[in-house]
Structure formats: C-alpha cells, structure tokens
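Engineer: Any chance you could fold what I've pasted below:
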Amino acid sequence: MRNVPFGVTVLGIYYVAKGLVTLSLGGLMLLGIVGYQPPLFELGGMTGVFMLVFGLLQVLVGWGLYNFRLWAWFLALVSNAVSIPLALISSDILTATINAVIAVYLFLQRGSYLVVTPPSNMPVLKTPVAGHFIRIRGFQDYKYVRRKKRG
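Structural biologist: Presented below is the predicted three-dimensional model:
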C-alpha cells in the first residue's frame, strides 16, 4: 500500500465533504424543502438534479484522489484550473486563490498519479516466474525481485 501524502488526504476529505453537502442540498431542493432557485436555473427541480449529479461526482473525485486514480487527478486539476478565471471575472479573489493553490498542489503531485512503466530496455522473461519489479533510486532504475519459495 502506498503512503498517502497529507495534502492528498486533505483534498480527498475536502472533495468528499463538499460532495456530501452538495448532495444534501440537491436532495432538499428536489424534495422542495429548500426553495432557492438561481436565476439561471428556473426550471423547478432541475437544480436539485444538477446538484445531485455534481455532488456524486465530487464524492467520486475525492475517493479517486485518495486512491491515486488518474481520472480523479485530471478532473480535479482541470476543474480547479477552469475555476480560477471564472472566480476572477466575478471578483472573488479568495476562491481564485484557493483554486490556484489546489491546482498547483495537484500539479506538483502528478508523480503519484502518473503510472510509471518499466523502460523498454528491461529484459523480457521467457518463462513465467513469480516476482515483480521494484523501483530503486528514482523513476529510471528497476530491479526484478523473485518471490521466495515457501517451504
């Protein structure tokens, strides 16, 4: 099991919490308990449906970030990068700053999410042997380790 960096854990919890709040508000809107309708979505319960979908997506992204899924890293990075100019257009400096910090942090953590394949000059084994490759000294050097026989 990989060691999960503290920042990735915090982002995973942040996205799951944000998604659960969005799911709750979407469900309340769908049931008609909360009557707030933004001017853009004056379609009755459609806002609740959108919020349910986006809340579920945020929960999945939080789970994916914590479990080092590349699709979650990509979605979180792109959504935060797109949110920066949108927040600046609406003069929301705090949201733009938070999105920028998250986007930069996710970009710096890309090595945890990108799959590293063994180099092409790695020897190919003709017979199936129980074992695995391990990384030594960074991303470029690999060593094949055979599994010890039990006995």
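
Engineer: the helices in the protein, which residues?
Structural biologist: Assigned by DSSP state H, the helices in the chain fall at 6-31, 46-66, 70-89, 93-108, 110-113.

Engineer: Counting by contacts, list what the first one packs against.
Structural biologist: Pointing back at helix 6-31 there. Secondary-structure packing of helix 6-31 (3 or more CB pairs under 8 Å, 6 or more residues apart in numbering; DSSP states H and E): helix 46-66, helix 93-108. (Glycine included, C-beta is placed from N, CA and C.)

Engineer: Repeat that for the third one.
Structural biologist: Contacting helix 70-89 under the criterion 3+ CB pairs under 8 Å, 6+ apart are the following elements: helix 46-66, helix 93-108, helix 110-113.

Engineer: buried set for the second one?
Structural biologist: To tie it back to what came earlier, the one meant is helix 93-108. Under the neighbour-count criterion of 16 or more other CB atoms under 10 Å, helix 93-108 has 96, 98-100, 102-103, 105-106 buried.

Engineer: swap in the shortest one?
Structural biologist: For helix 110-113, the buried set under the neighbour-count rule, 16+ other CB under 10 Å, comprises residue 113.

Engineer: Can I get that helix in PDB? Just the C-alpha atoms.
Structural biologist: Output in PDB follows, covering the C-alpha atoms of helix 110-113 (Å, rounded to 0.1, in the frame of the first residue of the first chain):
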ATOM      1  CA  ARG A 110       1.400  14.400 -10.600                       C
ATOM      2  CA  GLY A 111       4.200  11.800 -10.000                       C
ATOM      3  CA  SER A 112       1.900  10.000  -7.500                       C
ATOM      4  CA  TYR A 113      -0.900   9.700 -10.100                       C
END
